[in-house]
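Participant: Below are the sequence and a predicted model for it; my questions follow.
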Amino acid sequence: MLRARWLGRVRYGDALALQHGLWADGADDWLLLLEHPHVYTLGVRADPAHVLVDPASVGAELVETDRGGDVTYHGPGQLVGYPIRSVAMGPGAVPRYVHAVEQVVIDALEALGLPGASRLEGYPGVWVGVEEGAPRKICAIGVRLSRGRSMHGFALNVAPDLAYFGHIVPCGISDKPVTSLAAEGVDVSMRAVVDAVVAAASRRFGYERVDRRDVAWRVPAADLAPFTRGEGPGVPVAAGGP
């Protein structure tokens, strides 16, 4: 069974701690789906020179992490997926697993109305425009396999602010642009993308059942506390009762 969770917007460090806990537990297979606030992450082989500005100057964090790959960006409007699964190890395990994650995204993009997404030889991730000779990266892939379990995963650009990619050399690739579903003319909600990815992952990884749980997608204002609605801290309550 695949336990799929839409977690909403989560700080990178908090999501990383959750990944490590689920990876170490080893009892279940998970697919965590979420957005991050603006953050640049450095993989284990990243070149720090590929971060072109002080991240704080553009309202972003900079985090070193234990996935493969170079520097990448995460932020609002990008769907990040962390499959934490038991994976068959052996020769070729890492490229085989990366290939499977790429295919999940390719299948989801086709279901969402963007056919023709594919791979670009020598460049992990999912690309559009390869057949036309104008490759554009729509999804970054960065994984870690250890002791038969996976961590990290993919970052699919739904409708992020693509200007944030201009502050880095994305994945160390300077001569190929980054794109998104929105930039390719596909107007789709994050919820629809999550639905498509969960369905594609279930099929591609061969799960018979999916346990799907989501945090609230939209909370009516009347259900929020006055402080959350911006009405201030309220009236202090005296200690000790009447």
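Facilitator: Cool, the structure landed. Residues are numbered from 1 along each chain as shown.
Participant: pLDDT on the helix or strand where residue 96 lies, on average?
Facilitator: Under the criterion of DSSP states H and E, residue 96 resides in helix 93-111. Confidence for helix 93-111, expressed as mean pLDDT, is 95.
Participant: Which elements pack onto that helix?
Facilitator: Based on contacts counted as 3 or more C-beta pairs under 8 Å, 6 or more residues apart in numbering; DSSP states H and E, the elements that helix 93-111 packs against are strand 118-120, strand 123-128, strand 136-146, strand 149-157, helix 190-205. C-betas here are computed from N, CA, C, even on glycine.
Participant: Now with 7 Å, please.
Facilitator: Packed against helix 93-111, as judged by 3 or more C-beta pairs under 7 Å, 6 or more residues apart in numbering; DSSP states H and E, are the following elements: strand 123-128, strand 136-146, strand 149-157, helix 190-205.
Participant: Of the ones you listed, which is nearest residue 215?
Facilitator: Closest to residue 215 of the helices and strands packed on helix 93-111, according to C-beta to C-beta: helix 190-205, at 11.2 Å.
Participant: Tell me if I'm right that residue 6 and residue 35 touch.
Facilitator: No - under the contact definition of C-beta atoms under 7 Å, residue 6 does not touch residue 35, with a separation of 9.7 Å.
Participant: Settle this for me: residue 41 is touching residue 60, isn't it.
Facilitator: No - contact criterion C-beta under 7 Å: residue 41 and residue 60 do not qualify, at 10.1 Å.
Participant: Show me where the protein dips below the pLDDT cut-off.
Facilitator: When the per-residue scores of the chain are filtered using pLDDT under 70, the ranges that remain are 219-225, 227-230, 235-242.
Participant: Residue nearest the middle of it, spatially speaking?
Facilitator: residue 80 (1.1 Å; C-alpha atoms, centre = their mean).
Participant: could you check the angle helix 190-205 makes with the helix or strand harbouring that one?
Facilitator: With elements taken from DSSP H and E, the one containing residue 80 is strand 78-84. If you take axes from the mean of the first three to the mean of the last three C-alpha atoms, to 10 degrees, strand 78-84 sits at 30 degrees to helix 190-205.
Participant: Adjacent strands (with direction) for strand 78-84?
Facilitator: Strand 78-84 pairs in its sheet with strand 29-35 (antiparallel), strand 149-157 (antiparallel), by DSSP bridges.
Participant: Residue 209 is nearest to which of the ones you listed?
Facilitator: With C-beta to C-beta as the yardstick, what comes closest out of the strands paired with strand 78-84 is strand 29-35 (10.8 Å).
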